[in-house]
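Colleague: what would the 3D arrangement of this be:
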Amino acid sequence: MFDLVWLIPLFPLIGFFLNAVFGREWPEKVNGWVGSLSVGASFVVACLILKELLAVDPASRSVEKVVYTWMVSGNLNVPVGFLMDPLGMVMMMVVSGVGFIIHVYSIGYMHGEVGYRRYFCYLNLFVFSMLILVSANNFLLMFVGWEGVGLCSYLLIGYYYEKKSAADAGKKAFVVNRVGDFGFMLGMFLLFVTFGTFNYTEIFAAAPKQLVQGGILVTGITLLLFVGATGKSAQIPLYTWLPDAMEGPTPVSALIHAATMVTAGVYMVARCSILFAMAPISLYTVAVIGGATALYAATIGVTQFDIKRVLAYSTISQLGYMFMACGVGAFASGIFHLMTHAFFKALLFMAAGSVMHAMAGELDMRKMGGLRRQLPWTHWTYIFGTLAIAGIFPFAGFFSKDEILFYAFEKHLGFWIWGAVAAIVTSFYMFRSVFMTFWGESRVDAHTAHHLHESPPIMVAPLVVLAVLSLVGGLVGIPIIPHWHVFGDFLAPVFAPAKSIIDAGAHGGHHSLALELGLMGISLGIAVVGFFLARWMYITNPSAPDEVIKEFKGLHTLVYNKYWIDELYDFLFVNSIVRFSRFLWKYFDDAVIDGIVNGLAALVREWGSGLRRFQTGLIRDYALSVLLGVLAVIGYLVFR
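Modeller: Now for the predicted structure:
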């Protein structure tokens, strides 16, 4: 099966091609099922390859398959090649599996939309690009997928391009990501200059020999790569595009937040674990940025009323946890949380989409309430997603988030405090969204209330599948009991070289079992406190939120306006660039460029006007000029 790995990205590309070329004549459902089954086929192939990989000795679970040589120029030799190792297989399974579920959900959600075929074309292309990104065996091919997901996010975020806010959001995502991609390209080129190749295996094998531990070169390379990661995975300071990405259809939000795009940066840092392990400054930077983003984004989520924006800021926060895990050297824990997050975040977005489906597109939670009676399946699946993201035992998020907090505690108490505070805030705002949307008195207007109904089975079934995964998905990473952390053991060979480097410079011994159990208890207690606080404020004492806002009006205004970071960026960068561009247009383009072009045209016109006087149309004038010319030639010949 290893020889068929190229089918994994190929199937979604075939789905894109079929819908793009032939889909115009097909019924709507055919477009949807062609797009969905093409991704489902990728998941089946990924499962078969995973089964074969599991039969290989753990130390040898890294297989490369080169399909053909892509480009050769001097020392540059780049193949279209794929790497099948535990990290790559986890990512391929997540992208194709969760992507398939979202595609099926989209069949019902997008029913009747203008551009239905276009939507599935873009969605298939998105999954294809992400699969190229996570399966590539070299940085240049990864970059093709890296840019592909950037393009597809622009197309899908701006899907409703007639709407100005959607078009602007798509452009914002594209431009902000170009900033990060510039850093990623510089890091990638530095790698080629240093090692003479883009191949992962060759670079990672040569790195300990050619790079100095903690040296300027490896630090520069990793920091530049991380700049790219902050753009793709929406971390400080390049996070501002992700909340605005809610302008796209809700299944697009689910796909971006759960299985594609934003996970690319985390995957890239984990893939380059040995390089980051050799650059302590970079590793510390990753942890600081991740921890700060986790707490910062969580605070904003507390004040949002748009249900999708609450989930958007929760994604930024959860990605911060993943980066903090990588920054403290727990790369497998970061990928573990990436996987569990894919389950519950896709579930939460799709459940929010089910609410929107019933509420005629309404997003404001202040206009909801009491929906659990009309939307029982949506309510309970949203509850499962909330319990998972809040870290309630035994849901998936409990195991993955607790593991990150444990390793953060081992590394530095400050990281643990950041993560713990962000965890209680996360629990609070997620249960806040549950109570405002599904509990309490109904605030739905009479017209909408009359039409409230549960979503069709084609939308509910994916929610149920993801709810089950949100419940049991963490059981592959049970801590404490030896050999029960199946997920960590599976990924261990990938991160072994980085771990040996980090452990060599570490100080202190292992913590006791009692400490680990104690930290687990604290994590669970934090989540429970967030639940009861949200319940007290939004169910028991509904007037409490207004009282808190009145008491802390200044702080609430600051957080509600997202710390005015967008406005600051507009002032420092956007408006400055616009003003400079207008200056260039007015004083350089108009005055200089157009002046030169128009001046030359005027000069030629004047010359032409002067020469035109000699073209009278009278034969005698032309005869006289010929005679004068002949006399001039004779005179020249005689008197020279």
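Colleague: output the below-cut-off pLDDT ranges for the protein.
Modeller: 480-482, 506-512 (pLDDT under 70).
Colleague: longest helix of it?
Modeller: As assigned by DSSP state H, the longest helix anywhere in the chain is helix 164-195.
Colleague: now do it: which elements does it pack against?
Modeller: In terms of contacts (3 or more CB pairs under 8 Å, 6 or more residues apart in numbering; DSSP states H and E), helix 164-195 is packed against helix 139-157, helix 200-210, helix 216-232, helix 241-244. No exception for glycine: its C-beta is placed from N, CA and C like everyone else's.
Colleague: ok, now with 6 Å
Modeller: helix 139-157, helix 216-232, helix 241-244 (3 or more CB pairs under 6 Å, 6 or more residues apart in numbering; DSSP states H and E).
Colleague: make CSV from these and add mean neighbour count and distance to residue 172 to it.
Modeller: Converted to CSV, the helices and strands packed on helix 164-195 look like this (neighbours: other CB atoms under 10 Å; distance: least, CB to CB, whole Å):
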stretch, mean neighbour count, distance to residue 172
helix 139-157, 22, 8
helix 216-232, 23, 12
helix 241-244, 24, 5
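Colleague: out of those helices, nearest to residue 585?
Modeller: helix 139-157 (25.0 Å; CB to CB).
Colleague: output the closest one as PDB, nothing but the C-alphas.
Modeller: C-alpha atoms of helix 139-157 as PDB (Å, rounded to 0.1, in the frame of the first residue of the first chain):
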ATOM      1  CA  PHE A 139      10.000  21.700   2.200                       C
ATOM      2  CA  LEU A 140       9.300  22.900  -1.400                       C
ATOM      3  CA  LEU A 141       6.500  20.500  -2.000                       C
ATOM      4  CA  MET A 142       5.100  21.400   1.500                       C
ATOM      5  CA  PHE A 143       5.200  25.000   0.400                       C
ATOM      6  CA  VAL A 144       3.000  24.200  -2.600                       C
ATOM      7  CA  GLY A 145       0.400  22.900  -0.200                       C
ATOM      8  CA  TRP A 146       1.100  25.800   2.200                       C
ATOM      9  CA  GLU A 147       0.300  28.400  -0.500                       C
ATOM     10  CA  GLY A 148      -2.600  26.200  -1.800                       C
ATOM     11  CA  VAL A 149      -4.400  26.300   1.500                       C
ATOM     12  CA  GLY A 150      -3.800  30.100   1.600                       C
ATOM     13  CA  LEU A 151      -5.400  30.500  -1.800                       C
ATOM     14  CA  CYS A 152      -8.400  28.200  -1.000                       C
ATOM     15  CA  SER A 153      -9.000  30.000   2.300                       C
ATOM     16  CA  TYR A 154      -9.200  33.300   0.400                       C
ATOM     17  CA  LEU A 155     -11.700  31.700  -2.000                       C
ATOM     18  CA  LEU A 156     -13.900  30.100   0.700                       C
ATOM     19  CA  ILE A 157     -13.800  33.000   3.200                       C
END
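Colleague: list of residues touching stretch 473-493?
Modeller: 58, 86, 332, 336, 340, 343, 396, 399 (CB atoms under 6 Å, 6 or more residues apart in numbering).
Colleague: can you check stretch 60-80 too?
Modeller: 2, 5-6, 53, 81-86, 137, 140, 196, 198.
Colleague: among the residues you listed, which are in strands?
Modeller: Of the contacts of stretch 60-80, the ones assigned to strands by DSSP state E are 81-84.
Colleague: please save the CA atoms from stretch 464-472 in CSV.
Modeller: Only the C-alpha atoms of stretch 464-472 are listed here, as CSV (Å, rounded to 0.1, in the frame of the first residue of the first chain):
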residue,chain,number,x,y,z
VAL,A,464,-23.3,12.5,16.2
VAL,A,465,-20.1,11.0,14.8
LEU,A,466,-18.0,13.9,15.9
ALA,A,467,-19.7,13.9,19.3
VAL,A,468,-18.7,10.3,19.8
LEU,A,469,-15.1,11.1,18.8
SER,A,470,-15.1,14.0,21.2
LEU,A,471,-16.0,11.6,23.9
VAL,A,472,-13.7,8.7,23.2
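Colleague: ok, residues contacting it?
Modeller: Against stretch 464-472 from outside (CB under 6 Å, 6+ apart): 101, 343-344, 346-347, 381, 384-385, 388, 395-396.
Colleague: run the chain-centre distance for that stretch.
Modeller: Taking CA atoms, centre = their mean, to the nearest Å, the mean C-alpha location of stretch 464-472 is offset from the chain mean by 22 Å.
Colleague: what's the answer for stretch 360-368, then?
Modeller: With CA atoms, centre = their mean, you get 26 Å for stretch 360-368.
Colleague: and that stretch, how far apart are its ends?
Modeller: 12 Å (CA to CA, to the nearest Å).
Colleague: three-state assignment of residue 213?
Modeller: coil (DSSP: H, G, I helix; E, B strand; the rest coil).
Colleague: still on that earlier bit, in helices only, show me the contacts of stretch 464-472.
Modeller: 101, 343-344, 346-347, 381, 384-385, 388, 396.
Colleague: among the residues you listed, which ones are buried?
Modeller: Using 16 or more other CB atoms under 10 Å as the burial test, the ones in helices among the contacts of stretch 464-472 include 101, 343-344, 346-347, 381, 384-385, 388, 396 as buried.
Colleague: let me have those in CSV, extended by distance to residue 602.
Modeller: As requested, these are arranged in CSV below (distance: CB to CB, whole Å):
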residue, distance to residue 602
101, 66
343, 69
344, 68
346, 64
347, 68
381, 72
384, 74
385, 69
388, 72
396, 73
